[in-house]
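# model the structure of this input:
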Amino acid sequence: MRDTTSAQSATDTAGAAADRNQTDPSATTGTIPATGAIPANGPTAGVEQPYEEDLNQPYEQPLDPGAEPIDGQEQPREPVDPTGIRLGTFLLRPSVNQGIDTEITRSSGSRTRRDYLSTTFRGTLSSDWSRHSLTVTGEGRLERNIGGNAEGERPEANIGADLRLDLADDTIAHITGGYSFTRENDYDPNAVGGAATQSGVNEFTGGVSVERDLGKVHGTVALELSRTTYTDAELSDGTVLSMKDRNRTGIDGRLRLGYELSPALIPYVEVATGHTFYDQKRDNSGYARSSQSYAARTGVEFDLGEKLRGEIGTGYEFVDYEDGRLKSVDAITFNGNATWSPRRGTDVDLGLRTTIQDSTTPGQSGWVEYQLTAALAHEMRDNLVARLTGGTTLRDFSSGQSNETVWVAGAGISWAINRYLDLTGDVEYERASGGGADDRILRAGVGLTLKR
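Numbering: from 1, shown residues only. Model prediction:
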């Protein structure tokens with residue numbers, strides 16, 4: 001399945017710009033807070049509210065009194081996002097975006113265009129407990145072509161939950177779960193050629209991890225489960241092609257040990273292993289694709305405060321398939337993420353990821369996928385945020401097939417008309433070349449986001 005990144009929505013960017021100076025209580029030294037996490041305590045925590053709170057009304061912060069004087073000069077404090085609905089000990093921040101979009105696709109000399117309406121629902125539910133925390137984030141997107149033709153519509157859904165348990169001063173546990181749905185792209189290496197509707201991918205995830213500090217030694221042990229199922233693909237002649245032979249379950253475990261050279265710098269080593277079980281012993285081509293994986297990594301976590309934090313690492317991964325006719329796949333891996341704020345009102349997010357993907361082509365085992373992503377958000381005014389996004393994905397096929405490269409670039413803007421309504425605009429260009437693919441896609445749209 002293609003792993004590309006679309007331009008982030010204006011709603012998420014505006015919320016991130018408003019909350020960028022807050023600290024996620026679920027964050028640990030050297031790691032980046034999960035997207036959408038809402039801190040329990042903001043800069044106005046402890047300030048007496050000038051009114052009695054109504055749980056049925058949007059959660060509001062008191063008027064900003066400004067920051068304390070620094071070096072004899074009064075410095076204004078960043079505004080706080082006033083949206084949110086208080087539900088007992090939880091804070092819910094929902095939003096819905098209604099947009100009108102156009103998409104132009106050029107593939108193998110042909111050109112197609114579709115105009116469609118897109119509806120995106122987002123929400124974050126965060127606890128406000130004195131101990132432990134629970135964060136649930138969700139997003140869903142529906143598309144409806146103007147004119148009634150459903151060809152090319154790509155619904156998406158994603159929901160995740162993270163329960164943090166503060167077992168002791170130096171021991172923290174996380175219990176996570178999630179679900180996502182996407183549809184394969186026409187130029188994905190495993191896509192069905194000539195299909196009118198590609199297969200939909202359902203992925204269920206769950207896991208548990210325990211982090212413990214022993215003086216300067218930081219240890220993490222984690223176990224993760226995943227379940228992936230595929231819907232049928234519909235061919236252009238109306239027939240249906242079953243994808244049940246691709247359904248699989250995975251279990252992975254990892255152990256990480258780090259040593260704190262300073263509070264801002266923690267080198268680490270990590271080992272991991274996993275097994276993938278396919279529901280069918282052999283796929284439709286007669287290959288047994290269940291596999292065993294092994295990985296070792298080393299890197300460093302860094303936390304230089306609000307300016308720069310994240311981690312970077314490199315390692316080696318090896319995947320061995322059950323069928324002796326399928327060649328093992330190995331790769332040097334690079335993984336990392338970083339958040340950089342070069343100046344107040346400007347945030348840069350960087351991501352680097354290496355994965356090994358299974359193939360469905362007879363005789364081919366899989367390929368190595370390298371992905372680099374970047375996002376820049378700049379607050380031009382208090383109510384105006386501009387965004388730039390970009391990414392590239394390199395698919396390295398070990399079977400002699402030519403490599404494939406995907407490029408994505410996007411730009412967007414968000415204007416907060418008031419605290420409940422945003423006007424958004426986005427444009428994105430995507431190109432896939434190599435591996436028999438030559439696809440170019442241009443998307444553009446405008447929308448309104450209603451939030452509470």
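# just for the stretch 1-150 of the chain, where's the confidence low?
By pLDDT under 70, the low-scoring segments of the stretch 1-150 of the chain are 1-83.
# hmm, try it at 80
Applying pLDDT under 80 to the stretch 1-150 of the chain flags the ranges 1-83, 108-109, 148-150.
# quick check: phi and psi at Arg246.
phi -100, psi -10 (degrees, to the nearest 10).
# and it, how many residues sit next to it?
For Arg246, the count of nearby residues is 20 (other CB atoms under 10 Å). C-beta coordinates here come from the backbone N, C-alpha and C atoms, glycine included.
# quick check, it in contact with Ser359.
No. Judged on CB atoms under 8 Å, Arg246 makes no contact with Ser359 at a distance of 10.6 Å.
# intersection of neighbour lists for these two?
By CB atoms under 8 Å, 6 or more residues apart in numbering, Arg246 and Ser359 have these common neighbours: Asn190.
# which residues does Leu442 bridge with?
Ile104, Tyr429 (DSSP bridges).
# let me know the pLDDT of it.
For Leu442, the model assigns a pLDDT of 97.
# if you skip the residues just before and after it, what's nearest to Thr346?
His378 (4.9 Å; CB to CB, 6 or more residues apart in numbering).
# now that neighbour: how far from Leu261?
33 Å (CB to CB, to the nearest Å).
# more crowded one of these two?
Counted by other CB under 10 Å, His378 and Leu261 do not tie: His378 has more neighbours, with 16 against 11.
# what sits against the more buried one?
345-347, 385-387.
# was I right about Pro189 contacting Glu404?
Yes. Judged on CB under 8 Å, Pro189 makes contact with Glu404 at a distance of 7.1 Å.
# ok so, going back, who's the residue nearest to Thr346 bridged to?
Under DSSP bridges, the beta-bridge partners of His378 are Thr346, Ala386.
# just the pLDDT for it.
We have a pLDDT of 96 for His378.
# cool, and the one 5 residues further on?
Confidence at Asn383, expressed as pLDDT, is 94.
# excluding sequence neighbours, find me the nearest residue to it.
Using CB to CB, 6+ apart, the nearest residue to Asn383 is Ala416, at 4.0 Å.
# if you count neighbours, what's buried in the helix or strand where Gly123 lies?
Following DSSP states H and E, one finds Gly123 within strand 110-127. Across strand 110-127, burial judged by 16 or more other CB atoms under 10 Å covers 114, 116, 118, 120, 122-127.
# please apply the same query to stretch 220-237.
Across stretch 220-237, burial judged by 16+ other CB under 10 Å covers 220, 222, 224, 226, 228-234.
# what's the answer for stretch 153-172, then?
For stretch 153-172, by 16+ other CB under 10 Å, it's 154, 156, 158, 160-165, 172.
# do stretch 281-298 as well
Under the neighbour-count criterion of 16+ other CB under 10 Å, stretch 281-298 has 283, 287-291, 293, 295, 297 buried.
# from the residues you listed, which is closest to Thr449?
Arg297 (38.9 Å; CB to CB).
# chain neighbours aside, what residue packs nearest to that closest one?
Nearest residue to Arg297, sequence neighbours excluded (CB to CB, 6+ apart): Gly315, at 3.1 Å.
# confirm for me that the one you found is in contact with Val269.
No. Judged on CB under 8 Å, Gly315 makes no contact with Val269 at a distance of 9.1 Å.
# now do the shared contacts for the two.
Joint contacts of Gly315 and Val269 (CB under 8 Å, 6+ apart) are 296-298.
# quick revisit: I'd like the buried residues of stretch 153-172 as a markdown table, with secondary structure, pLDDT and distance to Thr424 appended.
Below are these laid out as a markdown table (DSSP: H, G, I helix; E, B strand; the rest coil; pLDDT from 0 to 100; distance: CB to CB, whole Å):
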| residue | secondary structure | pLDDT | distance to Thr424 |
| --- | --- | --- | --- |
| Arg154 | coil | 90 | 19 |
| Glu156 | strand | 96 | 17 |
| Asn158 | strand | 97 | 19 |
| Gly160 | strand | 98 | 23 |
| Ala161 | strand | 98 | 27 |
| Asp162 | strand | 98 | 27 |
| Leu163 | strand | 98 | 32 |
| Arg164 | strand | 97 | 32 |
| Leu165 | strand | 96 | 37 |
| Ile172 | strand | 96 | 37 |
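# count of neighbours near Leu326?
Leu326: 22 surrounding residues under other CB under 10 Å.
# before we move on, back to that, can you add pLDDT, secondary structure and distance to Leu308 and give the buried residues of stretch 281-298 back as JSON lines?
As requested, these are arranged in JSON lines below (pLDDT from 0 to 100; DSSP: H, G, I helix; E, B strand; the rest coil; distance: CB to CB, whole Å):
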{"residue": "Asp283", "pLDDT": "93", "secondary structure": "coil", "distance to Leu308": "46"}
{"residue": "Tyr287", "pLDDT": "95", "secondary structure": "coil", "distance to Leu308": "46"}
{"residue": "Ala288", "pLDDT": "96", "secondary structure": "coil", "distance to Leu308": "46"}
{"residue": "Arg289", "pLDDT": "96", "secondary structure": "coil", "distance to Leu308": "41"}
{"residue": "Ser290", "pLDDT": "97", "secondary structure": "coil", "distance to Leu308": "42"}
{"residue": "Ser291", "pLDDT": "97", "secondary structure": "strand", "distance to Leu308": "37"}
{"residue": "Ser293", "pLDDT": "97", "secondary structure": "strand", "distance to Leu308": "32"}
{"residue": "Ala295", "pLDDT": "98", "secondary structure": "strand", "distance to Leu308": "27"}
{"residue": "Arg297", "pLDDT": "97", "secondary structure": "strand", "distance to Leu308": "21"}
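# what's the closest of these to Ser242?
Within the buried residues of stretch 281-298, the smallest distance to Ser242 is 11.3 Å, found for Asp283 (CB to CB).
# quick one on the thing from earlier: dump the shared contacts of Gly315 and Val269 into CSV; add distance to Gly363 as well.
Formatted as CSV, those follow (distance: CB to CB, whole Å):
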residue, distance to Gly363
Ala296, 29
Arg297, 30
Thr298, 35
